[in-house]
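Undergrad: I need the structure of the sequence given here:
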Amino acid sequence: MPRLDRLLSGLLPGGLLLVLLLLPQIAAAARLHELSGRTMGTTWQVRVVSDAEPARLRAGIQAQLDEVVAQMSTWEDGSDISRFNRADAGSVHGLPAAFFEVLDAALALAADTGGAYDPTVGPLVNLWGFGPDGERSAPPDDAAIAGVMARSGWQRLALDRRTRTVAQPGGLYLDLSSIAKGYGVDRVAGYLDGTGSEAWLVEVGGELRSRGRKPDGLPWRVGIEQPAPDDRRDAPASGDEQPQLSGIVLEPDDLAVATSGDYRHYFETGQGRFSHTIDPRSGRPVTHGLASVTVLHTSCMQADALATALTVLGPDAGYRYAVERGLAVLFFVHDGDGFQRRMTPAFERQLQP
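TA: The predicted structure follows:
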């Protein structure tokens with residue numbers, strides 16, 4: 001694996017990058033372990049200050065993430081979410097605690113954003129050519145969009161919090177990929193706390209959370225990438241660009257960092273340019289100029305889902321939503337051939353001098 005004591009970048013959904021700025025390990029850091037593995041179609045990496053055996057820590061971390069996959073991965077036929085998605089109309093399903101917690105949070109955010117966030121949007125993403133069915137050469141017609149929307153919608157889910165059950169209304173397809181990685185980070189963080197680990201930096205698929213300091217007394221540091229000028233809307237997406245640091249460096253002690261964005265994944269036809277970010281309320285790609293969103297939060301699960309919701313809401317409505325709720329958010333907005341950055345007051349307060 002790449003050594004995390006060098007400059008390291010982690011690929012995020014949407015092609016975005018968070019760059020971990022980590023100073024060289026010194027002799028005093030004998031108990032600083034570097035661990036890694038794979039989960040949810042991506043990688044995980046952990047730096048942890050602990051007296052525990054590295055092999056035991058790694059096994060424990062992997063077990064936490066494997067449980068999330070077993071309950072919430074749509075790529076696993078035997079997962080709880082896949083069984084629900086295949087279930088008959090009218091069937092009622094008891095949910096494991098983790099699955100229930102994540103779905104409950106997803107539905108709460110869906111209600112609070114008026115459906116800009118929707119855990120049932122997966123079939124629409126697939127219809128537009130950004131899912132497992134592959135790319136499209138032309139946008140779907142109105143009838144196809146209407147047909148998928150008729151079978152989707154978070155309002156169709158009946159979640160019983162008393163019995164921890166959910167009913168399948170028929171044909172509803174849940175996809176928690178926009179929140180499950182963040183939840184996985186939180187699960188790993190909780191596990192490491194339970195082992196008595198002094199400090200840690202956890203990353204799963206680009207979503208981050210940290211606590212404490214390295215053995216040399218220095219904080220974990222995270223540099224935020226700025227979209228490169230060549231990533232403008234009318235440029236081809238090569239995926240080969242080096243990360244362009246924005247000059248924003250965070251020390252997110254006891255905070256999570258999650259990013260969502262749109263500036264590399266799209267397709268173009270004679271009918272226009274179509275983004276991979278689908279607005280569940282319209283069933284169509286967003287048309288605003290928001291390029292990326294970075295959210296700081298005490299919960300990585302919340303940061304992960306909020307980053308997606310704010311990307312759908314866009315630079316104006318998303319900014320208002322974040323400010324009204326006191327959220328720490330950084331927006332990058334298309335501005336000609338470049339990008340303009342906009343921070344909420346709560347994000348500005350987190351910046352290090």
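Undergrad: element containing the residue most central in space within the chain?
TA: For the chain, the residue nearest the mean C-alpha position is Asp304 (3.8 Å; Cα atoms, centre = their mean). Asp304 is part of helix 300-324 when elements are defined by DSSP states H and E.
Undergrad: now Val202
TA: strand 199-204.
Undergrad: residues making contact with stretch 250-259?
TA: 12, 14, 16, 18, 182, 185-186, 206-213, 219-224, 292-300, 302-304, 306-307, 350-352 (Cβ atoms under 8 Å, 6 or more residues apart in numbering). Every C-beta, even on glycine, is put in place using the N, C-alpha and C of the backbone.
Undergrad: change it to 6 Å
TA: 12, 16, 18, 182, 207-211, 219, 221-222, 294-297, 300, 303-304, 307, 352 (Cβ atoms under 6 Å, 6 or more residues apart in numbering).
Undergrad: Select from the residues you listed every entry located in strands.
TA: Cross-referencing these against strands under DSSP state E gives 18, 207-211, 222, 294-297.
Undergrad: ranking those residues by neighbours, who comes first?
TA: Of all the ones in strands among the contacts of stretch 250-259, Glu207 has the most neighbours under the rule other Cβ atoms under 10 Å, reaching 32 neighbours.
Undergrad: residues contacting it?
TA: Neighbours of Glu207 in contact, by Cβ under 6 Å, 6+ apart: 181-182, 185, 258, 300, 304.
Undergrad: Any of those residues buried? List them.
TA: For the contacts of Glu207, a neighbour count by 16 or more other Cβ atoms under 10 Å gives the buried set as 181-182, 185, 258, 300, 304.
Undergrad: For the residue nearest to His33 when sequence neighbours are not counted, give its distance to His93.
TA: What sits nearest to His33 in space, not counting adjacent residues and going by Cβ to Cβ, 6 or more residues apart in numbering, is Pro54, at 4.6 Å. Pro54 sits 38 Å away from His93, going by Cβ to Cβ, to the nearest Å.
Undergrad: Could you do Gly129 as well?
TA: In terms of Cβ to Cβ, Gly129 sits 30 Å off from His93.
Undergrad: Give me the more crowded residue out of those two.
TA: Just comparing Gly129 and His93: by other Cβ under 10 Å the higher neighbour count belongs to Gly129, 18 against 15.
Undergrad: The more buried one against Arg136, yeah?
TA: Yes - counting by Cβ atoms under 6 Å, Gly129 touches Arg136, with 3.2 Å between them.
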